[in-house]
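Enquirer: Kindly return the folded structure for what I paste below:
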Amino acid sequence: MIYLTGFHAIEERIKSGRPCGTLLIAKPGPRAKELTVLANEKRIRLERVGTADLDRLSPNHRGIILEIDGGAGGPDISIEEFLQNMNEESQVNDALVVILDEITDPHNYGAILRSCDQFGVDLVISRQRRTAKHADVISKTSAGTSAWVLQAETPNLPRAVELLKDSGFWIYGADMEGETAYTRDLRGKTAIILGGEGTGISRLLRESCDVMISIPSLGRIDSLNVSVAAGVLFYEVMRQRKCQEKAI
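Expert: Residues are numbered from 1 along each chain as shown. Purely as a prediction, here's the structure:
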């Protein structure tokens, strides 16, 4: 059993319609009352408990905990199902997929998912979902948006890249030595690979990339945090697509 404690994380999980367990309430404050109303609307079981009961489950609670089974991420889908669904929508010429290559910090993972939600990422692919182990941290850091972002996992990321290429995706790897992202056309079917903290993109995935892209900067430190870099790159993709829409 996994326990969500952040108000936003709990709220978005309930709103998403994904399966929820019992909502445990110890302190009936204003925010807890709002969540109680929402839980009643969604027919989620409520239970009044003592603060000590919540302390035993999660020391970081704020008087309310939502029980869930499995991870705190978005609705699961296979890569094949995603591509099939996309290909069945004949009008879909743009899609943005993000590949996470061993992002180990749950705070970074959650922050990336938050940016994915803000900038319209269609799918996040990872080798091994860390949401089960760090569900509460990821959900809090993403402000609950992890309940909405579509995610898929695979034991073989290079194979996932090949599937994307076969469906017409261009594969971009984020790397500080790459070409400036602003000079590349990131419209159309685009996949961006983000490497792990301190390790970057693994060799096999690097070899699978069509182009390596970077973010020009003026700082004295050599690189951006991966979650910050993710937000900048996702924004650039969205900006280019919005400019194209205005030009049409």
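
Enquirer: Could you give the separation of the helix or strand of the chain with the lowest mean pLDDT from the chain centroid?
Expert: In the chain, the helix or strand scored least confidently by mean pLDDT, DSSP states H and E is helix 135-141, which has a mean of 76. Centroid separation for helix 135-141 versus its chain: 11 Å, with Cα atoms, centre = their mean, to the nearest Å.

Enquirer: can you list contacts of it?
Expert: Applying Cβ atoms under 8 Å, 6 or more residues apart in numbering, the contact partners of helix 135-141 are 2-6, 8-9, 12-13, 58, 60, 68, 71-73, 106-107, 109-111, 113-114, 130-131, 146-147. C-beta coordinates here come from the backbone N, C-alpha and C atoms, glycine included.

Enquirer: so after it, what's the next helix or strand?
Expert: Sequence order places strand 151-153 as the next helix or strand after helix 135-141, per DSSP states H and E.

Enquirer: And that next one, how far out from the chain middle?
Expert: With Cα atoms, centre = their mean as the basis, the distance from the averaged C-alpha position of strand 151-153 to the chain average is 10 Å.

Enquirer: Quick check: buried residues in that strand?
Expert: Judged by neighbour count using 16 or more other Cβ atoms under 10 Å, the buried positions of strand 151-153 are 151-153.

Enquirer: Tabulate the residues you listed (TSV), appending distance to R31.
Expert: Conversion of the buried residues of strand 151-153 to TSV gives the following (distance: Cβ to Cβ, whole Å):
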residue	distance to R31
Q151	27
A152	33
E153	32
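
Enquirer: Reformat those residues as CSV; add distance to F119 and pLDDT.
Expert: Shown next, in CSV, are those (distance: Cβ to Cβ, whole Å; pLDDT from 0 to 100):
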residue, distance to F119, pLDDT
Q151, 16, 90
A152, 18, 92
E153, 21, 89
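
Enquirer: Go through those and name the one nearest V98.
Expert: Distance to V98, by Cβ to Cβ, is smallest for Q151 among the buried residues of strand 151-153, at 9.6 Å.
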